[in-house]
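In: One predicted model, sequence on top.
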2 protein chains.
Amino acid sequence: MEFIAPGIYKISLGIPENITPVSLRRNGIEAKGLERLPEAELPFSVEKIGFQVTARGCTVELPLANEEGLYGFGLQLKSFNQRGLKKVLRTNSDPVADTGDSHAPVPFYCSTAGYGVLVDTARNAAFYCGTHDRQGGISKSSEESNAIGANPSELYAMREHKGQRAVAVDIPAAKGVDLYLFCGPNIIHAVQRYNLFSGGGCLPPMWGLGVWYRIWGKANQAQAEELALAMRQAKMPCDVFGLEPGWHSHSYSCSYQWNKERFPDPDKMVSRLNGLDFKVNLWEHAFTHPSAPFHDDMKPYSGDYEVWGGLVPDFSMVEVQNLFGGYHKEQFVQKGIAGFKLDECDSSDYCSSPWSFPDCSIFPSGMDGEQMHNALGTLYQHTLQDVFHRVNRRTLSQCRSSHAIAASLPFVLYSDLYDHKDFIRGVVNSGFSGLLWSPEVRQCNSVEELIRRVQSVVFSAQTLVNAWMIPNPPWLQVDLDKNMNGEFLDNAAEVEAMCRRLFQLRMSLLPYLYSAFSEYRFDGIPPFRALVMDYPEDLATHGIDDEYMMGRHILVAPVIAGETGRRIYLPKGNWYCYWTNERYTGGQWYQLNVPLEQIPLFVQENSLLPLANPVECITDETCFSLYVRCYGTEPCDFTLFEDDMTTYDYEQGSYNTLRLARDGSGYSVTHMGNDPARRYEVAGWDMIP
Amino acid sequence: MEFIAPGIYKISLGIPENITPVSLRRNGIEAKGLERLPEAELPFSVEKIGFQVTARGCTVELPLANEEGLYGFGLQLKSFNQRGLKKVLRTNSDPVADTGDSHAPVPFYCSTAGYGVLVDTARNAAFYCGTHDRQGGISKSSEESNAIGANPSELYAMREHKGQRAVAVDIPAAKGVDLYLFCGPNIIHAVQRYNLFSGGGCLPPMWGLGVWYRIWGKANQAQAEELALAMRQAKMPCDVFGLEPGWHSHSYSCSYQWNKERFPDPDKMVSRLNGLDFKVNLWEHAFTHPSAPFHDDMKPYSGDYEVWGGLVPDFSMVEVQNLFGGYHKEQFVQKGIAGFKLDECDSSDYCSSPWSFPDCSIFPSGMDGEQMHNALGTLYQHTLQDVFHRVNRRTLSQCRSSHAIAASLPFVLYSDLYDHKDFIRGVVNSGFSGLLWSPEVRQCNSVEELIRRVQSVVFSAQTLVNAWMIPNPPWLQVDLDKNMNGEFLDNAAEVEAMCRRLFQLRMSLLPYLYSAFSEYRFDGIPPFRALVMDYPEDLATHGIDDEYMMGRHILVAPVIAGETGRRIYLPKGNWYCYWTNERYTGGQWYQLNVPLEQIPLFVQENSLLPLANPVECITDETCFSLYVRCYGTEPCDFTLFEDDMTTYDYEQGSYNTLRLARDGSGYSVTHMGNDPARRYEVAGWDMIP
């Protein structure tokens, strides 16, 4: 067992492959954060880890104690506690069942026993999470049932298992693998160590935490500019304007060149949008059409199969990074483009017409299609992230695929799937694996659904409205056909106002969120995470997949359309309803009615919540005027992170902290650091109750 | 290229694995049938076949011409023409999407160009059926679209492809593979050669073609006997009575011993049921509970993981065949049991709680879990089929999994899935791959659905009503709760009568069907098959997945609940409606209204259709009284197959044929053969029109 960093160990089994997530990583370990974590040991002996090489690849068996809950495996939308389940971690769009396929499968899991395991493979590894007994094992359930099932649920009930098992990891093709073991003491520390091992979480520019709007796919330049103006006139908070495929002269595959019919003067448009304080984000995918200027040069560095008539770049090669990244830098980033939406970089087995390259593809670096499917998302992100790093501008962008060791990449995941419950589970699960996820708002069947979905994105890593199918904002008309025809809702003004208030709530939480992301960056604490991470001792939290913590102090319990209330569990301790300031005793369930305009939010007792006067968007001059809500009566504090909000200068220490504190003697603000940035003014303190 | 048999060639690529479907086969080639087929050549040069060994396994690339349609891959429920699709052939229960997962995936496909290919692997091979262009390939579509999609179907439409591609087969783990190539000249001949290579199709006992009824899972002996009596009193045709898990003293895993509380005297029950001319079929699966008498002896010959606390037998080992098969012979087959339902031998990745052994399991024969998953169904079938063969009694049984080279195994597939359209597509597709499939009737939401589903099973390989969830027959009550409470439909007598008439129609078709199965046995012609097999030149048939041929002359076009009619394509030639005797011109589509009591059936012009007076069940003495319908005016004939209906003596030539013929001078019956069996009397000839 090799020491890697405090609380992180590596075990090499057999002859590991050359191409793995760790071999492809580009960020170093964030060592300082690891030093701040408590000391801990693994709760099992590594000698109990089994390993076998077979004709098919290799198999690892990891110990698993009774009652251990397992979480992680990336963006799993359909299950939460993975114990008892089989997960094949294959990058795939739109999985239709709980098989492990995911836009962002991550071969990392963490346990309520207080540890985490990264299996360093880019293969479609299968994890059998305590699903099976060994022949002749000692772990038979003593409660044998002799009952007969006469319907599927009875049959299923008879097959339940209680006993000690193992996690068997079945890795195809590889003749060995490295395991990275992350100590606790608790599950959150294991996740922090994993995120710090990944380079620490990303710190988005402040504008990235504002409201995003992706415009109609068929819009032209004039329509885009009009819409931007209309948003400002309507005083809808919005920071990012996203263009969909139509900006390309050819998409599917992509030309990465402006369509000059629809967008005759893109430089002027970008400058006008920037003038209105919108950041511009451009949609693309990696499959490179022959008309792309760098297509021919990139040929030798691309896979042997094409997708939609386009090259599949081998982003692991420095030549591609230079060609593809260099072109993006020159043509877009240096011309004011603030970020990209990297689409279609997962794969497709579940849609009616499968696309993407075959698993048996071969790439010039030696990667094969299976490895590339799992690595493409992170390699693509790295390529564009490097461009922004080189010009010392941060981005927050979007990507439809990710994988292991991706916490430091400033990309938020999204999906073409759309079940609202699954989307909320995605927020909860993403925090286990160093991922960010947006349950984006798209088409809605009703105003009620629109509002409920807006609430979820407001309380997620990215407040994204993706209106690519409709010319007008959904709050003016949710019906697709009517929206196309410009017929607006009778109560459009009212619906717009409800959405505006929700977006304003988001904007008022930006300082709080920015602080949460700084803790993600430096300490690896996921800004959005399951309750089990903060309350591991409270067993009721171990199964809760529809509530989560946002930042240090806020518990979020979204409501979906069709529900007028919901059951909410509040963990041990006391809580205040954000809306009514009513105090709730934790450690129990509540059945609460929830008016449409509210999303259930609870703030921990004895905490400080800085709320800003909402701005419409972030500018270089933005300075937040804060009212600090003080919940409870015990001494408490909260630290804000302050910097220029947009560059990587913080990496060289150019930032300040503002420590807000309240104790028996009163309130205090302690400003530390020498950066000239001044982003916060404390305008008042509200005592609650 | 090695000559195997007339029109069958083998190509060895690399170093093939030891364990493959062909290596596990137990039946020889049915050579005589091959000699009767027309001579043919492969429509492509085998030098165009590409092959590559990689770290992941190996890849084969097979030529694919423009406009070629591809069919097969086993029991594919969700698609028909496989061109343009990716299929990963993995044995799995209840697949939720068109991924290739199937109860019976078969690595065999056939082409409208008139050939078939068996890729001899037990691996989860992926077939990319012309999905991709090679980088720099010459086959680019010239119609590039510059349109922009603003909804998913528009995007999809832009991704259509037209051009020449290949079938890439991606085989994990293997460093080589054998290909078996089957010549035409037409698609049906390729399928016939494949079936004859598999030993010829199975010939069920005549009773197997009758009506099957699986009784309530919780029924005890008295209730089973009562139900049997009630069926006879109601004069419902029925040949087979199936018992579900409740007969075991322990199931999930299985004890293979009678539960003496529920079934105090099984010998007496079997004898009483046999006395009422019911054959008895017993449900089981292969996972062997410690209380099974042969459990301990079988331990050394089982996999290293258990399923539901039971051993996983390695049926490829002669020791298991003797232990498991020997026990079944002694305890069941010799005591009058006529067949088995082999459940749960697929695998499970799509249910809420995955079961079956891991892919990384290791079996004493050297097989691994992946291979065993794909081979378990056929090995299990072989083990029990051998028992019946040894006692010289044929069975028709059920099995939930199958694979390649399985045509000779007398087992019919079924599924827990239940979409009626998919079930009908299963009938159509099963004929491409040497499989039989029953779209079994189970729960129904309405009387209409019951009738429509009964019609489908009456026109399938197995007329199966699976009433395991209800104590009373579904024609007395379709509502589950009411059925449990013994509340019957107001019009129960009427519904029962409709079902009875449909079952009688089945019984009247038994001689015709038995003849079709004899052609399956000796000539490899699937008794149920897609129109494209009989009408390859008629391009309209190439996409039809909801009509099929049953036997030589009958076209079936089932209707599903909610439809009062349907579009029906009749291939070139003339057709007669079975019900009205109306004549239809082929080569065109018809929109027809279809009364509930009818399933659309069309008989070819100039054909003879022998219809029997329906019997309630088959006994050793059964002799069918036939009325021969003569459609059209041209000379035509039909050959009936006659034997003892139950033994393998036909293999030694103990059978007769009855050639019915009609020409200008009249009707004739030519009886050939020296077997004493007399199963048919021609009572009359009906001229139509």
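Out: Right, received. Where do you want to start? The shown structure was predicted, so the numbers you read here are calculated from the model rather than taken from an experiment.
In: alpha carbons only for contacts and neighbour counts from here, please
Out: Fine.
In: Return the residues of the stretch 1-150 of chain A in contact with chain B.
Out: Within the stretch 1-150 of chain A, the positions lying close to chain B (Cα under 8 Å from any Cα of the partner chain) are A:55-57, A:59, A:84-86, A:96-99, A:128, A:131-135, A:140, A:146, A:148-150.
In: Any of the residues you listed buried? List them.
Out: Neighbour counting by 16 or more other Cα atoms under 10 Å in any protein chain shown classes A:55-57, A:59, A:84-86, A:96-99, A:128, A:131-135, A:140, A:148-150 among the residues of the stretch 1-150 of chain A next to chain B as buried.
In: And the contacts of stretch A:53-69?
Out: Taking contacts as Cα atoms under 8 Å, 6 or more residues apart in numbering or on different chains, the residues outside stretch A:53-69 that touch it are A:14, A:44, A:48-52, A:81-83, A:111-113, A:130, A:162-176, A:542, B:172-174, B:360.
In: just checking, A:I451 touches A:P595?
Out: No: no contact is recorded between A:I451 and A:P595 when judged using Cα atoms under 8 Å, the distance being 10.9 Å.
In: Those two: who's more crowded?
Out: Set side by side, A:I451 and A:P595 show more neighbours around A:I451, with 25 against 12, by other Cα atoms under 10 Å in any protein chain shown.
In: following the host helix or strand of that one, which helix or strand comes up?
Out: Taking DSSP states H and E as the criterion, A:I451 maps to helix A:447-458. Taking DSSP H and E as the definition, the helix or strand that follows helix A:447-458 towards the C-terminus is strand A:463-466.
In: Check what contacts that following strand and list those residues.
Out: Taking contacts as Cα under 8 Å, 6+ apart, the residues outside strand A:463-466 that touch it are A:209-215, A:438-442, A:454, A:457.
In: Going by distance to B:R272, which of those residues wins?
Out: Out of these, the one with the shortest distance to B:R272 is A:P439. That distance is 62.7 Å, counting by Cα to Cα.
In: how distant is stretch A:516-532 from the center of its chain?
Out: On the basis of Cα atoms, centre = their mean, to the nearest Å, stretch A:516-532 is displaced by 11 Å from the centre of the chain it belongs to.
In: Then stretch A:563-573?
Out: Once both centres are worked out by Cα atoms, centre = their mean, stretch A:563-573 turns out to sit 24 Å from its chain's centre.
In: ditto for stretch A:664-683
Out: The offset between the C-alpha centroid of stretch A:664-683 and the centroid of the whole chain comes to 30 Å, using Cα atoms, centre = their mean.
In: Buried residues of it, list them for me.
Out: Along stretch A:664-683, the positions that meet the burial threshold by neighbour count (16+ other Cα under 10 Å) are A:Y667, A:V669, A:D675, A:A677, A:R679, A:Y680, A:V682.
In: pLDDT weak spots in the stretch 101-250 of chain A?
Out: Regions of the stretch 101-250 of chain A meeting the criterion pLDDT under 70 cover residues A:137-147, A:152-164.
In: could you pull out the helices for it?
Out: Secondary structure of the stretch 101-250 of chain A (DSSP state H, counting those that start in this stretch): helices located at A:152-157, A:187-197, A:221-233.
In: Mind telling me which residue of the stretch 451-600 of chain A is nearest chain B?
Out: Nearest residue of the stretch 451-600 of chain A to chain B (Cα to the nearest Cα) works out as A:M469 at 5.2 Å.
In: Which pLDDT does the model give that residue?
Out: The predicted local distance difference test score for A:M469 is 96.
In: Tell me, how many residues neighbour it?
Out: Using other Cα under 10 Å, the number of residues around A:M469 comes to 21.
In: Does it belong to a helix, a strand or coil?
Out: Here A:M469 is recorded as coil under DSSP: H, G, I helix; E, B strand; the rest coil.
In: same deal with A:N483?
Out: Under three-state DSSP, A:N483 comes out as helix.
In: Nearest spatial neighbour of it, chain-adjacent residues omitted?
Out: Ranked by Cα to Cα, 6 or more residues apart in numbering or on different chains and with sequence neighbours excluded, the top spatial neighbour of A:N483 is A:Q477, at 5.4 Å.
In: if I pick the one you found, what's in contact with it?
Out: By Cα under 8 Å, 6+ apart, the contact list for A:Q477 reads A:N483, A:E487, A:F488, A:L489, A:A492.
In: What pLDDT is listed against the residue lying closest to the second one once chain neighbours are set aside?
Out: Taking Cα to Cα, 6+ apart as the measure, A:E487 lies nearest to A:Q477, with 7.2 Å between them; neighbours along the chain are not counted. According to the prediction, A:Q477 has pLDDT 98.
In: again with the one 5 residues further on
Out: Among the per-residue scores, A:K482 holds a pLDDT of 97.
In: which stretch of helix or strand covers the closest residue to it other than its chain neighbours?
Out: The spatial neighbour of A:K482 that comes closest, neighbours along the chain excluded (Cα to Cα, 6+ apart), is A:F488 at 7.1 Å. Taking DSSP H and E as the definition, A:F488 sits outside all helices and strands.
In: count of neighbours near A:F488?
Out: For A:F488, the count of nearby residues is 19 (other Cα under 10 Å).
In: what is the rounded mean pLDDT of the helix holding A:I451?
Out: The predicted confidence, averaged over helix A:447-458, sits at 98.
In: Show me the buried ones among the residues of the stretch 1-150 of chain A next to chain B that map onto strands.
Out: Using DSSP state E, the members of these that fall within strands are A:G57, A:T59, A:K86, A:Y128.
In: Per-residue confidence, the first one, what does it come out as?
Out: When you say that, I think you mean A:G57. On the pLDDT scale, A:G57 is placed at 97.
In: Residues in a beta bridge with the residue of the stretch 301-450 of chain A found nearest chain B, which ones?
Out: Using Cα to the nearest Cα, the closest approach of the stretch 301-450 of chain A to chain B is made by A:Y305 at 4.4 Å. On the basis of DSSP bridges, A:Y305 is bridged to B:R134.
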